[in-house]
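Chemist: turn this into a model:
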Amino acid sequence: MEKKLLKAFQKLLFTPKKIIIIPHKNPDGDALGSSLALNTFLNKTGHDSCVIAPNEYPEFLNWMPGQEQIKKFSQTPDESTQIIENADIIFTLDFNHLSRIDQMAPVVERSIAQKIMIDHHEHPGDYASISYSDANKGSTCEMIYELISGLDRDQIDVTIATCLYTGIMTDTGSFRFPSTTAKTHQVVSILIEEGAQPHLIHQKIYDTYSFSRLQLLGTALHNIKKINGIPVVYITLSQKELNKNKFQKGDTEGFVNYGLSLRDVSLAVIMIENETEKIIKMSFRSKGSFDVNHFAKKYFNGGGHVNAAGGVSYLTLNETVDQFLKAIAYEKSQFNI
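Modeler: Residues are numbered from 1 along each chain as shown. Have a look, this model is predicted:
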């Protein structure tokens, strides 16, 4: 973190403030971990801080220390709105456009609180007065570590270490993604010294499959298709298939990575039907130089990182597959085949 930016945070937090921390909709391990770690730090250093999430998060994250105190805007909109209106500072973590917080967006937009963005995705918006944005970082949790370390390194305890380790581990694909650097491992080493237990965190995140989730994975793998002549695979899951396998929020987390584990595959995509929201949710993962952030932004109203991105389609599932195949045919030259 640049010294000038750190000084801005030091000045901002010099006196006690009422602070709200907001992760993105459907928060993942990085969004939740960074929010809980920062919240713990701020409360330990004399501020009145709380986390308000736009909606529920996956069950495999409900063990994280401090998560039981998170308010969900979708469940308590009136109470949450009042808290936001009374805030001095609003931190937005792991997203860079207010559209990512859904129904909370207009409440945050009209708030007179100072807005702070901390995020590692490309093309940040301009809603924040202070922005700590670095697309080269593998996770927002690594950025929160740098912030806390710069402000008061001695405040990092086992709770903060556990939350930050969780976010770094999940957003780097268990340290497999290209965004994992020597600095990432240095940070993780410190977090382990402070009490984070990698084996237990890994078990709580990845070894919690329900029987129905494993059956849903079987359906997803049964549906996988490879495009002839191009190193691309895609998976589809219809609402009917989700219902049949008793789908719960978070059940499809990581499914797309199975496609990318195939030999000679450079791009894997999963398309999941959501009849309630009338959308097809899409996740993109790539190896090498194929830029899924650009691809998702160009064709599917999305974005993210070079090798990991999300998108959304407002067509039917079959129409979305057709659009995807046309887009891949158009971008065929990007695969160097």
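
Chemist: next, count neighbours for Lys326.
Modeler: By the criterion of other Cβ atoms under 10 Å, Lys326 has 11 neighbours. Glycine gets a C-beta too; all of them are placed from N, C-alpha and C.

Chemist: any idea how far Ser286 is from it?
Modeler: 18 Å (Cβ to Cβ, to the nearest Å).

Chemist: equivalent analysis for Asn136, please.
Modeler: 17 Å.

Chemist: of these two, who's got more company?
Modeler: Taking other Cβ under 10 Å, Asn136 and Ser286 do not tie; Ser286 has more neighbours (25 against 10).

Chemist: what's across from that one in the sheet?
Modeler: When bridges are taken as DSSP bridges, the partners of Ser286 come out as Leu267.

Chemist: I'd say it and Gly259 touch.
Modeler: No: between Ser286 and Gly259 there is no contact under Cβ atoms under 8 Å: 10.5 Å.

Chemist: between these two, what contacts are shared?
Modeler: Residues touching both Ser286 and Gly259 (Cβ atoms under 8 Å, 6 or more residues apart in numbering) are Ala268.

Chemist: grab the nearest non-local neighbour of Gly46.
Modeler: Computed as Cβ to Cβ, 6 or more residues apart in numbering, the closest residue to Gly46 that is not its neighbour in sequence is Pro16, at 4.8 Å.

Chemist: quick one, strands of the stretch 151-300 of the chain?
Modeler: 225-226, 232-237, 267-274, 279-286 (DSSP state E, counting those that start in this stretch).

Chemist: possible to save these as TSV with mean pLDDT and distance to Leu151?
Modeler: TSV is the format used below for these (pLDDT from 0 to 100; distance: least, Cβ to Cβ, whole Å):
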stretch	mean pLDDT	distance to Leu151
strand 225-226	98	49
strand 232-237	98	43
strand 267-274	98	39
strand 279-286	96	34
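
Chemist: nearest to Ser34, out of the ones you listed?
Modeler: strand 279-286 (20.2 Å; Cβ to Cβ).

Chemist: packing partners for that closest one?
Modeler: helix 255-260, strand 267-274, helix 292-299, strand 308-313, helix 317-330 (3 or more Cβ pairs under 8 Å, 6 or more residues apart in numbering; DSSP states H and E).

Chemist: out of these, the one nearest Arg100 is which?
Modeler: strand 308-313 (10.1 Å).

Chemist: dump the strands of the stretch 151-300 of the chain to JSON lines, plus distance to Asp126.
Modeler: Formatted as JSON lines, those follow (distance: least, Cβ to Cβ, whole Å):
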{"stretch": "strand 225-226", "distance to Asp126": "40"}
{"stretch": "strand 232-237", "distance to Asp126": "35"}
{"stretch": "strand 267-274", "distance to Asp126": "30"}
{"stretch": "strand 279-286", "distance to Asp126": "26"}
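
Chemist: ok, Phe177 - contacts?
Modeler: So Phe177 contacts 138, 171, 307-308 (Cβ under 8 Å, 6+ apart).

Chemist: from Arg285, how far off is it?
Modeler: 9 Å.
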